[in-house]
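> What follows is a predicted structure for the sequence shown.
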Amino acid sequence: MLKFDPNFNPEIHPYLECHPEWAQGVRKNKPTYNYDVIIIGSGPNGLAAAAYLAKAGLKVLILEKRLEAGGGLCTEDMVTLPNMLHNTCAIYFLMVDNAPVYKDFKLEEDYKLRHVWPDLQFALPLSDGRSVRIYRDVNKTCESLAKFSKKDAETYREIYHKFNKITDGFLAPATYVDPKPGPFQAAMLEAHPLGKELSEFSPKSPRKIVDELFENEHVKALMLYVAAHWGLEPNIDGVGYLALLCLNRATHYRLCVGGSHMLAQVIQKVICENKGQIWTSQIIKRIVVKNGVAEGVELNDGTLIKANKAIISTIDPIQTFIKYVGKEVLANDFVEKIENFHWEHWSLLTVHLALNQAPAFIDPEINNALICAPVGIETEEELLNLWSGITKGELWTKGFGCCIPSVHDPSQAWPGRHVGLISQMAPYKLKEGTDKYYRYLFKEEIGKKCIETLRKYAPNMTEDNILWAKTHTPLDIENKMADMVQGSIKQGAYEPLQMGFLRPNEYCSTHRTPIKNLYLGGASSHSGGLVTFGPGYGVANSVADDYGVKKWWPEPESVTKARKEGLL
């Protein structure tokens, strides 16, 4: 049995602070702690903000509900079989070349973080044995597209260079600065040739952009999948700039060697090296607000933690303001804004696979080469039908992404064996009732049907090849990640009135909130979800600016250039 010295000071023992449930004997008198900055949530954005501010000399504490820090950066054993590693949330990394976190902390040079960047990024397999492919190399992509349409190949070459220029010149740097009100930003863009090009696409829907650019039904299917896969509903207007960004990023998909959790691990090392602390297994009771000022956080066990400067919440706005701050200290119009925050209409249903062999697709060109195969969608109409089904609460078992991480990173599986992932867009609200997701036999049946669809394109995906399969539903996501309400992997829908200066609303668009000293820094704030580190980087800048903290980190070169061009 563990015994604790009553004079023991946990403040100087970070290991116990990472496992506070071991130190309950120390806290039996409900002590009060003091930190400069308290961060609620240890997802990628919470970790990034903590790393920047801790290295700037602030005393930083992260509070995490789960046992392990990292949020969506989770790689887990025993999902299927021992020593088979499965990425149960984030798997693809699209902004490694742009996110300041990598360069500022020298994650690759000093912490040996590694990514795999496959040459073949996407392949849409067809039942006749052909495939539509997107490579990192634009010439290879055009060769693939030309087999279906020479015009589409020429169009792709043109937009490849155009979208690169727009992304590098504006979209990527805009991810890492505070957004401007829509009219002001629009005026700045209209005054610049690059901005005018972007403005041609912004008012449109992903489907309209794809239909205007391409003619072949199979090419359209792949391009619309790429443009809308991360949550842009195909027919929603006003998000064209995001579709453009997704199309550009289709050649930048990377996997983290050792699993996605390795990225969380190295940032945690940065935090600990700079004397920051992470308390896991913590249940928050409330954010303490007095006279309109956030002063600290009270835990369920009565422990009070005071924030000398700031509290940063990286969880969703409804929990932050309604559950933990309380309506009684908020203005009525602000409460209305928060309560009307929209979640995505979809989530993810995933099937994790332990395999004897990697899928052998009918088209040998894509075997052991691609990072993502959209399976079961051969035409644009089929993809649109899938989305239509989602809005009706219908769960499809075709039209999913398939990734075999162990093909590129053998460390994630047994020697000579493989792990696989099926990612199916799915409704959170089933028409039969969301609770149906709890039924074991229903989940197993859904998993089997997804595998049957995959077998049509990779015939070796037989029962003998599958060592184990495990299905996770949107309800499982919500239960596991409390801030992913309704399985919302991006903490809120991507809609014109819920992006940029309006994410989550105009009161919180620069990460600051109506409550003094309380900030938002998660995916529900600008610049949104996925592992871009945009919100975490942005909120770290906001806190540093507000409290006169000397920034040790430089402004990204792309941001400086965009400012000089008058785009930001």
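Nice, thanks for sending it over. Numbering: from 1, shown residues only.
> Now do the SS call for residue 468.
strand (DSSP: H, G, I helix; E, B strand; the rest coil).
> Enumerate every residue touching it.
Taking CB atoms under 8 Å, 6 or more residues apart in numbering as the criterion, residue 468 is in contact with 80, 81, 84, 353, 354. All C-beta atoms are positioned from the backbone trio N, CA, C, and that covers glycine.
> Looking at it now. What's its pLDDT?
At residue 468 the predicted local distance difference test score is 97.
> repeat for the one 10 residues further on
Residue-level confidence at residue 478 comes out at 93, pLDDT.
> Check residue 6 too.
We note a pLDDT of 41 for residue 6 in this prediction.
> now do residue 13
pLDDT, residue 13: 43.
> do the same with residue 21
pLDDT, residue 21: 46.
> so residue 498 touches residue 341, yeah?
Yes. Under the contact definition of CB atoms under 8 Å, residue 498 touches residue 341, with a separation of 7.4 Å.
> Next, show the common contact partners of the two.
When contacts are counted by CB under 8 Å, 6+ apart, residue 498 and residue 341 have 492, 504 as shared neighbours.
> give the contact list for residue 475.
Residue 475 neighbours (CB under 8 Å, 6+ apart): 428, 434, 435, 437, 438, 487.
> Tabulate those (TSV), appending pLDDT and neighbour count.
TSV is the format used below for those (pLDDT from 0 to 100; neighbours: other CB atoms under 10 Å):
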residue	pLDDT	neighbour count
428	94	25
434	93	18
435	94	9
437	95	25
438	93	13
487	90	27
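> what's the closest of those residues to residue 567?
Each of the contacts of residue 475 was scored against residue 567 by CB to CB, and residue 487 proved nearest at 35.2 Å.
> Helix or strand for residue 271, just tell me which one.
The secondary structure element spanning residue 271 is helix 261-273 (assigned by DSSP states H and E).
> Over to residue 401?
Element membership for residue 401 (DSSP H and E) is strand 400-403.
> in terms of contact count, name the helices or strands touching that strand.
Where contact means 3 or more CB pairs under 8 Å, 6 or more residues apart in numbering; DSSP states H and E, strand 400-403 is packed against strand 370-375, strand 418-426, helix 440-457.
> Lowest average confidence across helices and strands of the protein, where is it?
Among the helices and strands of the chain, helix 14-18 carries the lowest confidence by mean pLDDT, DSSP states H and E, at a mean of 44.
> Which SSE is immediately downstream of that helix?
Once helix 14-18 ends, the next helix or strand along the chain (criterion: DSSP H and E) is strand 32-40.
> how far out from the middle of the chain is that following strand?
In terms of CA atoms, centre = their mean, to the nearest Å, the centre of strand 32-40 is set 26 Å apart from its chain centre.
> Buried residues in that strand, which are they?
Within strand 32-40, the residues scored as buried using 16 or more other CB atoms under 10 Å are 33, 35, 36, 37, 38, 39, 40.
> what do you get for stretch 406-423?
Within stretch 406-423, the residues that qualify as buried are 406-409, 412-414, 417-423, counting by 16+ other CB under 10 Å.
> For the residue nearest to residue 51 when sequence neighbours are not counted, give me its contacts.
Leaving aside its sequence neighbours, residue 51 sits nearest to residue 270 (CB to CB, 6 or more residues apart in numbering; 4.4 Å). Contacts for residue 270 were tallied using CB under 8 Å, 6+ apart; they are 51, 54, 55, 105, 111.
> I'd like to know which elements the helix or strand containing the first one is packed against.
What it means is residue 51. Take DSSP H and E as the rule and residue 51 turns out to sit in helix 44-55. Taking 3+ CB pairs under 8 Å, 6+ apart as contact, the helices and strands that helix 44-55 lies on are strand 32-40, strand 60-63, helix 100-104, helix 261-273, helix 534-546.
> Quick one: closest of those to residue 156.
Nearest to residue 156, of all the helices and strands packed on helix 44-55, is helix 534-546, at 27.3 Å by CB to CB.
> Quick check: residue 131 vs residue 77, distance?
33 Å (CB to CB, to the nearest Å).
> Of the two, which one has the most company?
Ranked by neighbour count (other CB atoms under 10 Å), residue 131 and residue 77 place residue 131 first, with 24 against 12.
> which residues does that one contact?
Residue 131 is in contact with 123, 124, 125, 144, 361, 363, 365, 366, counting by CB under 8 Å, 6+ apart.
> And for the last one, the neighbour number?
Put plainly, it is residue 366. Using other CB under 10 Å as the criterion, the residues surrounding residue 366 number 21.
> OK, contacts around the closest residue in space to residue 292 that isn't next to it in sequence?
Nearest non-adjacent residue to residue 292, counting by CB to CB, 6+ apart: residue 516, 5.9 Å away. Residues in contact with residue 516 (CB under 8 Å, 6+ apart) are 292, 293, 294.
> Likewise for residue 544?
By CB under 8 Å, 6+ apart, the residues touching residue 544 are 52, 53, 56, 550, 551.
> My guess is the second one contacts residue 541. True?
What that stands for is residue 53. No. With contacts counted by CB under 8 Å, residue 53 stays clear of residue 541, the gap being 10.0 Å.
> And those two? Which one has more around it.
Per other CB under 10 Å, whichever of residue 53 and residue 541 has more neighbours is residue 53, with 27 against 22.
> picking up where we left off before, of all the helices and strands packed on strand 400-403, which one is nearest residue 312?
Residue 312 lies closest to strand 418-426 among the helices and strands packed on strand 400-403, at 29.8 Å (CB to CB).
> CA atoms of the closest one as CSV?
Included here for strand 418-426 are C-alpha records, laid out as CSV according to Å, rounded to 0.1, in the frame of the first residue of the first chain:
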residue,chain,number,x,y,z
HIS,A,418,-1.1,-5.5,-40.5
VAL,A,419,-3.6,-3.1,-38.8
GLY,A,420,-6.3,-1.4,-40.9
LEU,A,421,-8.9,1.3,-40.4
ILE,A,422,-12.3,1.7,-42.1
SER,A,423,-13.7,5.2,-41.5
GLN,A,424,-17.4,5.5,-42.5
MET,A,425,-19.2,8.8,-42.3
ALA,A,426,-22.3,8.1,-40.3
